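Q: need a 3D model of the following:
(one chain, ligands or ions: 1)
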Amino acid sequence: MIGPFDGRPSSFAGPIGGLRDVVNEPAGPRPGSLLQALGRAVRNRCPACGTARLFPKFLKPMLVCSACRQDWSAQRADDFPAYVAILLTGHIIVPAVIVVEQFGDPPMWVHLALWLPLATVLMIGLLQPIKGTIIAIQWWFGMHGFRPGSPARREGPPHDGSS
Ligand SMILES: [Zn+2]
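A: Numbers count the residues shown, from 1 in each chain. Below you'll find the predicted structure:
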C-alpha cells in the first residue's frame, strides 16, 4: 500500500531548525490509513498527527505543524477545492430543486429565497474540509511538493503558520 511512511524520507525525519520554540502541543500518532488522515483533515486537524489545526485561517493552511513539524507548505491544492465544492453543491441543490418542483410549482422568488442562500452556505461550509482532504491526499501519496527531493519543497527556516 502506498503511504507517506513506506520507506520514503518524510518531513517527520529530524527536527527542523528553529521550530522548537513554537512546538507546544504533543503530536498525536501518525495515521494508520488514508481514511484516518482524511478524517483528521476534514475536522481541520493536521492529517499527520491530528493535533494542531490544519487551517489557522479559513482557507490558509499552516506552513509547518506546530505539534509534529510536518511541512505543509508543499501543498498545491490551488483552485481544485473550489471545483469540487461547486460539483458537490450542484449535486445537492439540483435534486432538491427537482423535488420541490415536483411537489408544486413555486414562484421564482421562492426558488431564489431557498437555493441561493443554501448554495452559498454549502459552498462556504464545504470549502475548508475539501481543501483539507485534498492536502491530505497529496501528502499521503507524496504528490507535488510532498515528493521527496521535490524542487517545490520549501527551503529555509520554517514558519509555524500562526500569523
Ligand atoms: Zn501535525
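
Q: who's in contact with the residue positioned nearest the centre of the chain?
A: Closest residue to the average C-alpha location of the chain: Gly132 at 0.7 Å, with CA atoms, centre = their mean. Going by CB atoms under 8 Å, 6 or more residues apart in numbering, Gly132 touches 41-42, 44, 47, 54-55, 61. C-beta: built from backbone N, CA, C; applies to glycine.

Q: so which residues on this protein come close to the ion?
A: Contacts of the chain with the ion, taken as CB under 5 Å from the ion, map to 46, 48-49, 65, 67-68, 70.

Q: specify which member of those residues is nearest to Pro106.
A: Nearest to Pro106 among the residues of the chain next to the ion, counting by CB to CB, is Cys46 at 45.0 Å.

Q: that closest one contacts Arg69, correct?
A: No. Contact criterion CB atoms under 8 Å: Cys46 and Arg69 do not qualify, at 10.0 Å.

Q: in the longest helix along the chain, what's buried?
A: Longest helix of the chain, by residue count under DSSP state H: helix 108-140. By neighbour count with 16 or more other CB atoms under 10 Å, helix 108-140 contains the buried residues 115, 119, 122, 126-140.

Q: how far out from the middle of the chain is that helix?
A: Relative to its chain's centre, helix 108-140 lies at 13 Å (CA atoms, centre = their mean, to the nearest Å).
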